[in-house]
Every structure is written in structure tokens, then in C-alpha cells.
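Visitor: One predicted model, sequence on top.
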Amino acid sequence: MTGSLEALTARVYTVPTAMPETDGTAAWDATTVVTVTADADGETGLGWSYTDPRAAQIVAGVLGPLLSGSDPDDLPAIRHRMLAATRNMGATGVVASAVSAVDIALWDLKARRLGRSVAGLIGRAHDAVPVYGSGGFTDYSDEHTAAELRGWLELGIQNVKIKIGASWGAHPVRDLERVALARRTVGDDVGLFVDANGGYSVGEAIRAERDFREFGVIWFEEPVSSDYPEEMARVRRAAVADVAAGEYVWRPSDAAALVEAGAVACLQLDVTRCGGYSAWLEAAAYAGLHGLQVSGHCGQHLTVHVAAATPNARHLEYFVDHLRVDTALFDGLLPVVDGRLAPDPSVPGHGMRLAPRAERYRQEDHG
Ligand SMILES: [Mg+2]
């Protein structure tokens, strides 16, 4: 069936954190979400990104008018048109998050119009996708870190991640103490991941990884900045742990740079940044051609639906911040069961809707 896309609607919501949060190279006290709804034939699709409010202006002012009247099923053509129309704004950052939210809304819309789940529409590769518990911010107290880690285990989660590299890697002894705390808390049978958010230099990262081996760290995320894939590759060559990165893949060339440099043992992708489900599928296929698996970065409730249709999906980050934000804003979230998220094939689209309670977090209107 051929449809006609009506106007896109963008909205902005800001949800405060329970306490200030920090990682190796950033600090924040709130998360802003830009949602996009897309309507055609009496159905509505929903997408979103964790981004800046200006993404809503790009959706309402540029992408909505561009795509009005388009056949919403022609996702490759729509993607091409969105990238062409935003070329001179720069394809990364806020533009990429706007494009991502629109793409996800259109996949949800298409699946709902066809009465299929997103994974069922693409074609399922997995009934369920394992998640790893992620939070462990660098300014947590040890008590809070331990309590959060124990919470992941209660959900049957088999891998957990903490942040390290506080203040751009200025406190390596403290990092090691926190890694030891995490290992003591979860016991010997749980996979321990760390994420430096690019906070270390190459030498610092290599020395840190060597120290982490005693505690069985098997995943070292962004040991150094993702802006320099060759430097990350140097860390990877020296590491026992899997070096991973990809949360700043905004466009296909960013994924290619990490993979071709040999920088990553597993490519991370963020559907709310990389260009939505369409770009995830492209980048995951590309990683697969290079013998790599992919892992979902944040946005777990959106990512699981495309990850279930991705043969080389390893796991998803079950991010404590996005659990909090998504719970505040959306209905229809999947629960973690036995450490996994399992999309229901009988639920059309990704199954999520903006919740009435989200209104209390709503900022100004955009289109
Ligand atoms: Mg990270």
C-alpha cells in the first residue's frame, strides 16, 4: 500500500537526574529527549533521541516540510533526502540525532501500518537480546555503586559496566579501587566491563588495562578518544580485554574509521545518533563483513527491536539513565527477564507510546 506522510511533530522533554552524574570526561544533571511522531493513514509512529532541544527545530523546520507527502515506506529514499537537505549544517551531532529520531519513527509507523513488530518486519534473528547493566558513575559513593551492581544481578544480568577515568584519567589508583569494588560485589562469574569515555592517553590506557586484568575486566570501552582510531588500535593491540567504541558513530564513515583502523573488537552503535534503525542495519552488516559483532549503546528500549533483527548483535547496554528517562516518558517498555529483553512479535511497531505523565517534563513546542 502506498501512503502519504503528514507533518512530523517534534517535542522536547527534560528529565532531571536523581543526583549529579559524571563519567571520565563529562558531568550532567538532566537528560533531554526530543521525540518525533509521524502520521500516515491514521497510524502514528514514534521515535526519539537523547540530544539537544535544537534537534526539534531541525525536525519541525527542515525535515518535516521536506518529507510531507512522501511515501513513508520508502525509507532508503527518505534517508537520502534527509542527509542531502542537511548537508551544509553538518551531518553529525544534533542533525544526526534529528535524522535518527525521524528514521525510527518511520520504521515504527511502517510496522504499525503493516500490523507487524519492527523486528518481524525486518526479519528476526533472535527471540531475545542479552543486556549488560550500565551506570557506575565516577562520583557515586562505593555504597551506591555496589547497590546498583547488585540490582543488575537481581535482574539475571550476566555483565555489568562501571565508568572509570574520572577527571580525564587523573586518578588511576581510584579507578583500580573501584574496579576491585565492582569485582568483589558481583563475584567471579559475572563479566566486568569498564568505560573510560575517552579519558585516558594511550600509555595511561595500556597501563590501566594491564592492572585491570587481575580483576578480570573483559570490556574496555573508549580507553582513549574515539576521534583517533589509530591510537585506540594501539591500545587494542596491547589489551587482553575487548576494546569497544562506536557511540559517536554519527555517519557511516565514522563506523568505517573505527573498523578499518582495527580499533575495536566489538562495534558499538547508538540508534538515536547513527541514523536510526536504517543506519544501524547498514553499519551492523558492515561490521559483520569484517568479522565483528555489534553492541547497542544506550537507548535500550529502542535498540532492542532492531538488535533482535541483527544476526551479529552481541548485547545491549541497559543504561540506568535511560531506564529512568524512558520510564518517565514512555509506556510499553520491555522488562528485563533473565538478563534479556525480548520483543513481543505480536505487538505492532516497537510498541511504545508517549505516556500522559510525560507532560510534566515537557518543554516548549516545536511544530
Ligand atoms: Mg560509553
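Guide: Sure thing, it's come through. Numbering: from 1, shown residues only.

Visitor: any idea of the mean pLDDT in the helix or strand harbouring A147?
Guide: Element membership of A147 [criterion: DSSP states H and E] is helix 142-154. Taken as a whole, helix 142-154 carries a mean pLDDT of 98.

Visitor: could you list every residue that touches R234?
Guide: 202, 206 (C-beta atoms under 8 Å, 6 or more residues apart in numbering). All C-beta spots, glycine's among them, are computed from the backbone N, C-alpha and C.

Visitor: redo that, cut-off 6 Å
Guide: Residues in contact with R234, defined by C-beta atoms under 6 Å, 6 or more residues apart in numbering, are V202.

Visitor: With W107 instead?
Guide: W107 touches 118, 277, counting by C-beta under 6 Å, 6+ apart.

Visitor: Please enumerate residues in contact with stretch 140-148?
Guide: So stretch 140-148 is in contact with 135-136, 181, 185, going by C-beta under 6 Å, 6+ apart.

Visitor: likewise stretch 292-311?
Guide: For stretch 292-311, using C-beta under 6 Å, 6+ apart, the contacting residues are 118-119, 122-126, 129, 247, 266-272, 277, 280, 284, 287, 312-319, 322, 326, 333, 341, 343, 350.

Visitor: For the buried ones among those residues, write the corresponding ChimeraX selection.
Guide: In ChimeraX, this line selects whichever of the contacts of stretch 292-311 come out buried by 16 or more other C-beta atoms under 10 Å:
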select :118,119,122,126,129,247,266,267,268,269,270,271,272,277,280,284,287,312,313,314,315,316,317,318,319,322,326,333,341,343,350
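
Visitor: restrict the contacts of stretch 292-311 to those near the ion?
Guide: The subset of the contacts of stretch 292-311 within reach of the ion, by C-beta under 5 Å from the ion, is empty.

Visitor: if you look at the contacts of stretch 292-311, which of them are in helices?
Guide: Judged by DSSP state H, helices contain the following of the contacts of stretch 292-311: 118-119, 122, 277, 280, 284, 287, 322, 326.

Visitor: Look at G367 and report its pLDDT.
Guide: Value listed for G367 in the pLDDT field: 49.

Visitor: Use 157 as the first number from now on
Guide: All set: I'll call the first residue 157, so the last point we hit is now G523.

Visitor: interface residues of this protein facing the ion?
Guide: 351, 377.

Visitor: The same query, at a cut-off of 8 Å, please.
Guide: Contact residues, the chain versus the ion (C-beta under 8 Å from the ion): 179, 351, 353, 377-378, 401, 403, 424, 453, 473.

Visitor: Nice, that's everything, thank you.
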